[in-house]
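K.L.:
Kindly return the folded structure for what I paste below:
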Amino acid sequence: MIRKHEMNPIVRPFDVKPSMESYRVQGAFNPGATVFGDEVLLLLRVAETCEPKDGYIRIPTYRFDDGHPRPDIIEFKALDPDVKLRDTRSVVYKGREYLSTISHIRIARSKDGLHFTVDEKPLILPVDETEEYGVEDARVTFIDDKYYITYTAVSQDSWATALAVTEDFKSVERKGLVFYPENKDVVIFPEKVGGKYMALHRPNNSGFGKPSIWYAESPDMVHWGNHRCILRPRDTKWVRVGAGTPPIKTTEGWLVIAHGMDDKSAYSLFCVLLDLEEPRRVVRCADAPLLMPTEPYEIDGFFGNVVFSNGMIEKDGKILVYYGAADESSCVAITDIDGLLAGF
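P.N.:
This next block holds a predicted model:
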């Protein structure tokens, strides 16, 4: 049904130039994907950490003291009793949590969808306090002759979803936060239905239930309403689910590749089919995973046992599914529409 490419990983951390001298690239993963002219573009999440310093824990961050963003480094003494290390992803100091890396969005370009060259400079960097801890996990949808990019904005107020628009992937117009904390995994449909824009999103669930996939509508892609939960974790090992790729329109419905996380924090992918005329209605949901972490580069890494997709494209009759592996590298798997639909 789907084949992991033998060239994987197709983008590794050492393929990416750091955004500043005192940073180093920890990961280049979870890429959004689109076709732009004769190129395949990946919108990489580039996670950077700090060059080490003996006796200290160093955290990358952004400051906005003068109203202008600038990258910075926070240092804690490693033996300070107020420092607590949770896992590879975060540090707590005097009750405040920091990320061990800070992310931005950078473009990788390819003619064949397999061999990529990474731009030297970021496309999207943090610009204000809502993005203090970085910008992550971009998805991109081409609609109304423009490319709409949703991404996760992370700050001390947790994570939310922001929107940016571009026509050339050189500059972007930022629309600000469109889904407030805590909400992520936002994918926009490539067509209107009933004169409205549509999106899937995933609010956090700290009370009853488990984090699930929701549907929303908008007149302008900034103001969203008519929210409805459409897919919850079922009687499986998953404790949270979220939309991954923007939908592809097929004769049988809107095809989405989603992700699920189990109780051991391992991520896998599965397919969902939504009704063409009523996209809030789930037509079918696959019982078995489409893709699971089985390869060494998916099992071992910055945060292991993870496959996570933000984008797929159609090229030469095939579907190229791009995904992050172990929060460290970017990979591709090859399939086609019939193969994906046969998996239900």
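K.L.:
Could you pull up phi and psi at residue 296?
P.N.:
Residue 296 adopts backbone torsions of phi -50, psi -40, taken as degrees, to the nearest 10.
K.L.:
Do a quick rundown of the strands in the stretch 51-200 of the chain.
P.N.:
56-63, 70-77, 83-87, 90-93, 96-99, 102-110, 117-118, 134-143, 146-155, 158-166, 173-179, 183-188, 197-203 (DSSP state E, counting those that start in this stretch).
K.L.:
For the spatially most central residue of the chain, give me its contacts.
P.N.:
Nearest to the geometric centre of the chain sits residue 137, at 2.4 Å (Cα atoms, centre = their mean). Contacts were defined as Cβ atoms under 8 Å, 6 or more residues apart in numbering; by that measure residue 137 touches 30, 32, 45, 151, 152, 184, 185, 310. (Each C-beta comes from the backbone N, C-alpha and C, glycine too.)
K.L.:
what about residue 254, how many neighbours?
P.N.:
Other residues lying near residue 254 total 22 when counted by other Cβ atoms under 10 Å.
K.L.:
Can you tell me the element it falls in?
P.N.:
strand 253-262 (DSSP states H and E).
K.L.:
for the record, mean pLDDT for that strand?
P.N.:
Mean pLDDT, strand 253-262: 97.
K.L.:
quick one: the helix or strand just after it to strand 197-203, angle?
P.N.:
Counting by DSSP H and E, the next helix or strand C-terminal to strand 253-262 is strand 267-274. Calculated by axes from the mean of the first three to the mean of the last three Cα atoms, to 10 degrees, strand 267-274 forms an angle of 140 degrees with strand 197-203.
K.L.:
Which SSE is immediately downstream of strand 267-274?
P.N.:
From strand 267-274, the next helix or strand downstream (DSSP H and E) is strand 282-285.
K.L.:
list the contacts for the closest residue to residue 280 other than its chain neighbours?
P.N.:
Nearest residue to residue 280, sequence neighbours excluded (Cβ to Cβ, 6 or more residues apart in numbering): residue 215, at 4.1 Å. Taking Cβ under 8 Å, 6+ apart, we find residue 215 in contact with 198, 199, 200, 201, 226, 227, 228, 229, 230, 279, 280.
K.L.:
how near is the nearest residue to residue 13 once chain neighbours are set aside to residue 316?
P.N.:
Spatial nearest neighbour of residue 13, excluding adjacent residues (Cβ to Cβ, 6+ apart): residue 25 at 4.5 Å. For residue 25, the distance to residue 316 equals 31 Å [Cβ to Cβ, to the nearest Å].
K.L.:
Quick one: end-to-end length of stretch 294-304, please.
P.N.:
Stretch 294-304 stretches 11 Å from its first residue to its last (Cα to Cα, to the nearest Å).
K.L.:
Serialize the strands of the stretch 51-200 of the chain to TSV and add fields for distance to residue 266.
P.N.:
Output for these, formatted as TSV (distance: least, Cβ to Cβ, whole Å):
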stretch	distance to residue 266
strand 56-63	26
strand 70-77	30
strand 83-87	14
strand 90-93	19
strand 96-99	21
strand 102-110	21
strand 117-118	28
strand 134-143	18
strand 146-155	20
strand 158-166	21
strand 173-179	26
strand 183-188	17
strand 197-203	18
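K.L.:
In terms of mean pLDDT, which of those ranks lowest?
P.N.:
Among the strands of the stretch 51-200 of the chain, strand 83-87 scores lowest, with a mean of 83.
K.L.:
got a list of what residue 15 touches?
P.N.:
28, 116, 118.
K.L.:
hmm, try it at 6 Å
P.N.:
Residue 15 makes contact with residue 118, according to Cβ atoms under 6 Å, 6 or more residues apart in numbering.
K.L.:
re earlier: quick one: closest of the strands of the stretch 51-200 of the chain to residue 37.
P.N.:
Counting by Cβ to Cβ, residue 37 lies closest to strand 102-110 out of the strands of the stretch 51-200 of the chain; the figure is 10.1 Å.
K.L.:
can you point me to the longest strand in the chain?
P.N.:
In the chain, taking DSSP state E as the definition, the longest strand is strand 23-36.
K.L.:
So what touches that strand?
P.N.:
11, 13, 16, 18, 41-49, 51, 60, 101, 137-140, 302, 308, 310-311, 313, 322, 324, 327-330.
K.L.:
Buried members of those residues into PyMOL, please.
P.N.:
Burial among the contacts of strand 23-36 is assessed by 16 or more other Cβ atoms under 10 Å; the matching PyMOL selection reads:
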select buried, resi 11+13+16+41+42+43+44+45+46+47+48+49+60+101+137+138+139+140+302+308+310+311+313+322+324+327+328+329+330
